[in-house]
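Asks: Make a model of this:
(one chain, ligands or ions: 2)
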Amino acid sequence: MKRAWWKEAVVYQIYPRSFMDSNGDGIGDLAGITSRLDYLRCLGIDVIWLCPIYRSPNDDNGYDISDYRAIMEEFGTMEDFDELLEQAHKRGIRIVMDLVVNHTSDEHKWFIESRSSKENPYRDYYIWREGKEDGAPPNNWGACFGGSAWEYDEATQMYYLHLFSKKQPDLNWDNPNVRREIFDMMTWWCEKGIDGFRMDVICMISKRREMPDGEIDGLYGSFHESCVNGPNVHTYLQEMNEKVLSRYDIMTVGETPDVTTELARQYAGEDTRELNMVFQFEHIEGEGKYGKWTDEKPSIARLKRILSRWQKELYGKAWNSLFLNNHDQPRMVSRFGNDTPAYRAVSAKMLATCLHMLGGTPYIYQGEELGMTNYPFTDISQFRDIESINAYREWCGSGIVTKEAFWPCLLEKSRDNARTPMQWDDGENAGFTTGEPWIAVNPNYREINAKAQMADQDSVFHYYRKLIALRKKYPIIVYGSYELLACGGETLYAYTRTLEGEKLLVVCSFCDREQTFDLPAEFEGADCLISNLENRYAGRVTLRPYEAFALYQMGSGLRQDL
Ligand code: TEU
Ligand code: CA
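Replies: Ligands and ions are numbered 1, 2, ... in the order given. Next comes the predicted model:
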């Protein structure tokens with residue numbers, strides 16, 4: 001397997017709106033991020049993935065971009081960006097930009113031109129279709145954020161396609177001018193010195209020309225067959241690679257919902273000249289009761305099975321990202337661990353052990369390194385996320401589900417769980433802002449905050465520091481092959497990694513009861529690299545609730561300690 005810096009890196013994801021507010025307007029900003037770079041250096045991460053900071057009317061918190069070469073007013077200025085980049089580089093931290101080019105904002109100048117007339121040179125930058133004879137939308141597709149995926153536009157009496165909100169019209173990548181403009185814009189950022197791109201829903205940029213009705217999925221037909229992993233997506237990515245990516249030493253990660261391991265080997269193959277890695281969701285997105293919405297806890301057996309398949313099927317062939325949460329997902333300790341006071345910290349450490357010892361590039365979502373939890377929402381007015389608000393209105397209005405039945409699904413899965421402000425200290429608003437925060441601070445900030453955890457060697461924060469340091473020290477964690485160990489019940493997850501005779505054993509308990517694990521003979525006497533509780537690892541090991549450990553054995557069973 002080829003070595004690469006982005007295979008050895010640990011990424012930290014920043015959602016700027018909620019990270020740190022420098023000027024008291026209640027909204028996180030670029031100067032705020034710069035002021036916290038030393039915290040990230042202390043944690044030991046290598047790369048920041050910066051969620052969108054471009055000019056945007058914020059229908060979807062920056063994922064609706066109206067100018068790719070300007071900074072969102074609320075976040076600061078281009079000078080603030082340049083300062084952030086310089087200060088990050090000074091500390092050896094790279095910055096990967098979010099690249100949202102499946103769609104723009106409807107306030108982008110291209111779309112303003114496009115909608116103005118059928119003859120406008122920008123008309124074909126977007127996807128326009130006639131309605132049906134009775135005036136209905138061209139097909140039955142639903143948008144990700146509710147309603148039809150088609151919006152009727154009075155001026156030219158046609159519909160435009162939007163797979164997300166109606167303020168996020170989809171670009172037409174089949175138009176070579178669109179591709180050229182996007183590649184120019186990417187080059188412009190690379191010339192500025194940024195270190196890579198995280199590409200938003202990049203698997204959706206190529207649509208089939210025929211757009212038949214989709215199978216009903218929830219309230220609408222699915223656009224999946226026509227829009228995801230479409231006919232030209234690999235051609236366009238190869239063109240992007242040739243014209244932009246290959247000219248810089250950057251990291252590229254494609255957000256690819258609904259990708260298979262087979263497709264991932266194309267998107268992020270060692271030699272396919274497309275992207276460095278995929279960021280896929282199979283392990284965390286099962287079928288919900290109502291579209292993505294459910295109040296059911298995920299199955300750990302399923303998680304193990306899917307993680308294992310990705311580990312095996314990509315090994316030596318392609319590269320994957322490691323994560324259990326991000327800005328679109330609930331907090332991982334609440335979903336996969338246990339966020340009650342007795343088990344929160346220990347289960348957060350267990351989940352981190354499980355992820356960080358796997359092959360792939362780990363992503364830490366802001367606050368995860370503190371074991372931040374879901375928010376105890378009590379009223380719909382507390383939500384800010386367009387997806388959550390629209391889903392509540394649409395599903396409860398449909399007659400399919402009552403408000404009482406849908407509410408627990410919002411609590412379990414709303415994206416706003418991840419978007420409450422970063423908890424810096426136990427002062428007012430958790431040290432995030434001196435003003436009124438744009439979304440409520442989780443009331444548990446007095447117990448869970450960065451300041452307290454930095455001062456406590458036993459904290460989740462210091463555990464993450466240790467995991468990151470281990471990845472730098474042991475190549476087996478980055479490059480080793482993977483085997484799932486058949487053992488115990490559904491909630492015990494044990495696997496090994498192997499590299500040139502060295503071996504690593506990782507054992508994680510996903511439950512609140514004791515379980516036993518029989519240590520394989522080859523790991524008797526091995527070094528314990530990390531564990532979240534004190535134990536003796538020999539013979540039959542009794543694991544306490546949410547216990548996790550990793551043992552390391554040097555070559556051929558012969559310990560070489562002197
Ligand atoms: O998300 C794309 C995506 O696949 C979403 O459907 C995601 O699964 C969903 O938000 C989960 O509920 C990306 C961004 O990460 C997201 O923040 C944006 O809203 C979306 O694209 C549109 O740009
Ligand atoms: Ca601010």
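Asks: use CA for all of it now, contacts and neighbours both
Replies: OK.
Asks: Any idea how many residues pack against the residue of the stretch 401-550 of the chain found nearest ligand 2?
Replies: Closest residue of the stretch 401-550 of the chain to ligand 2, C-alpha to the ion: T433 (7.9 Å). Counted with other C-alpha atoms under 10 Å, residues neighbouring T433 total 26.
Asks: pretty sure it is in contact with S18, am I right?
Replies: No: using C-alpha atoms under 8 Å, T433 makes no contact with S18, being 9.6 Å away.
Asks: Which neighbours do these two have in common?
Replies: Shared contacts of T433 and S18 (C-alpha atoms under 8 Å, 6 or more residues apart in numbering): I27, G28.
Asks: quick one on the thing from earlier: for the residue of the stretch 401-550 of the chain closest to ligand 2, give its distance to R179.
Replies: 40 Å (C-alpha to C-alpha, to the nearest Å).
Asks: How about whichever residue of the stretch 151-300 of the chain sits closest to ligand 2: what's its closest non-neighbour residue?
Replies: Sorted by distance to ligand 2 under C-alpha to the ion, the residues of the stretch 151-300 of the chain start with I194, at 22.7 Å. Closest residue to I194 apart from its sequence neighbours, by C-alpha to C-alpha, 6 or more residues apart in numbering: I95 at 5.8 Å.
Asks: tell me the contacts of the one you found?
Replies: I95 neighbours (C-alpha under 8 Å, 6+ apart): V47, I48, W49, L50, L85, A88, I194, D195, G196.
Asks: Identify the residues contacting the closest residue to ligand 2 within the stretch 201-350 of the chain.
Replies: Residue nearest to ligand 2 within the stretch 201-350 of the chain: H327 (19.0 Å; C-alpha to the ion). Applying C-alpha under 8 Å, 6+ apart, we find H327 in contact with Y15, Y365, R415, D416, A418, R419.
Asks: any idea whether the fourth one is helix, strand or coil?
Replies: Of the three states, D416 takes helix according to DSSP: H, G, I helix; E, B strand; the rest coil.
Asks: For it, grab the count of nearby residues.
Replies: By other C-alpha under 10 Å, 26 other residues sit near D416.
Asks: Going along the chain, name the helices of the stretch 151-300 of the chain.
Replies: Assigned by DSSP state H, counting those that start in this stretch, the helices in the stretch 151-300 of the chain fall at 176-192, 224-227, 233-243, 261-267, 300-314.
Asks: can I assume Y12 sits in a strand?
Replies: Yes: assessed with three-state DSSP, Y12 lies in a strand.
Asks: Which pLDDT does the model give L558?
Replies: Reported pLDDT at L558 in the predicted model: 49.
Asks: Quick one: low-confidence residue ranges for the stretch 451-562 of the chain.
Replies: Where the stretch 451-562 of the chain drops to pLDDT under 70, the residues are 556-562.
Asks: which parts of this protein sit against ligand 1?
Replies: Residues of the chain found near ligand 1 (C-alpha under 6 Å from any ligand atom) are D60, Y63, F164, D200, V201, P257, D328.
Asks: hang on, the earlier thing: just the helices of the stretch 151-300 of the chain: most buried one?
Replies: Across those, averaging neighbours per residue (mean count of other C-alpha atoms under 10 Å) puts helix 261-267 on top, at a mean of 21.
Asks: Report the mean per-residue pLDDT for that helix.
Replies: 98.
Asks: who's in contact with it?
Replies: Helix 261-267 has contacts (C-alpha under 8 Å, 6+ apart) with 234, 254, 272, 274-275, 277-278, 310, 313-314, 317-319.
Asks: before we move on, could you check phi and psi at L322?
Replies: As for L322, its main-chain torsions (degrees, to the nearest 10) stand at phi -110, psi 120.
Asks: likewise Y464?
Replies: Main-chain torsions, Y464, degrees, to the nearest 10: phi -60, psi -40.
Asks: Return the residues of this structure in contact with ligand 2.
Replies: Taking C-alpha under 5 Å from the ion as the measure of proximity, the chain contacts ligand 2 at D21, N23, D25, I27, G28, D29.
Asks: Check those residues and tell me the two furthest apart.
Replies: Farthest pair in the residues of the chain next to ligand 2 (C-alpha to C-alpha) is D25 and D29. Separation: 9.6 Å.
Asks: Comparing those two, which shows the higher neighbour count?
Replies: D29 (27 against 15).
Asks: which SS class is W49?
Replies: Under three-state DSSP, W49 comes out as strand.
Asks: Taking the stretch 401-550 of the chain, what residue is nearest to ligand 1?
Replies: Here the residue of the stretch 401-550 of the chain nearest ligand 1 is R415; by C-alpha to the nearest ligand atom that distance is 6.4 Å.
Asks: and that residue, what is it in contact with?
Replies: R415 neighbours (C-alpha under 8 Å, 6+ apart): H327, D328, Q329, P330, D385, E387, S388.
Asks: what do you get for L467?
Replies: By C-alpha under 8 Å, 6+ apart, L467 lies in contact with T353, H356, I530.
Asks: Next: D217.
Replies: The contact partners of D217, by C-alpha under 8 Å, 6+ apart, come to G291.
Asks: give me the beta-bridge partners of it?
Replies: Y220 (DSSP bridges).
Asks: My read is that Q423 contacts E447, right?
Replies: No: Q423 is not in contact with E447 according to C-alpha under 8 Å; the separation is 9.7 Å.
Asks: of the two, who's got more company?
Replies: Q423 (29 against 13).
Asks: low-scoring pLDDT stretches of this protein, where are they?
Replies: For the chain, the stretches with pLDDT under 70 are 556-562.
Asks: try 80 this time
Replies: 287, 487-488, 555-562 (pLDDT under 80).
Asks: related to what we said a few turns ago, are any of the residues of the chain next to ligand 1 buried, and which?
Replies: Buried subset of the residues of the chain next to ligand 1 (neighbour count, 16 or more other C-alpha atoms under 10 Å): D60, Y63, F164, D200, V201, P257.
Asks: Tabulate those (CSV), appending distance to I306.
Replies: Shown next, in CSV, are these (distance: C-alpha to C-alpha, whole Å):
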residue, distance to I306
D60, 30
Y63, 29
F164, 27
D200, 23
V201, 21
P257, 14
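Asks: who are the neighbours in contact with the nearest residue to H108 once chain neighbours are set aside?
Replies: Excluding the flanking residues, the one nearest H108 by C-alpha to C-alpha, 6+ apart is S66, at 3.9 Å. Going by C-alpha under 8 Å, 6+ apart, S66 touches Y54, R55, S56, P57, T104, S105, D106, E107, H108, K109.
Asks: From ligand 1, how far off is S66?
Replies: From S66 across to ligand 1, the span is 13 Å (C-alpha to the nearest ligand atom, to the nearest Å).
Asks: mind checking how far that residue is from W438?
Replies: 21 Å.
Asks: What degree of burial does the spatially closest residue to E130 that is not a sequence neighbour show, as a neighbour count?
Replies: Once flanking residues are discounted, E130 sits nearest to M158: 5.0 Å by C-alpha to C-alpha, 6+ apart. Using other C-alpha under 10 Å, M158 has 19 other residues around it.
Asks: What's the separation between M158 and R123?
Replies: Distance from M158 to R123, by C-alpha to C-alpha: 11 Å.
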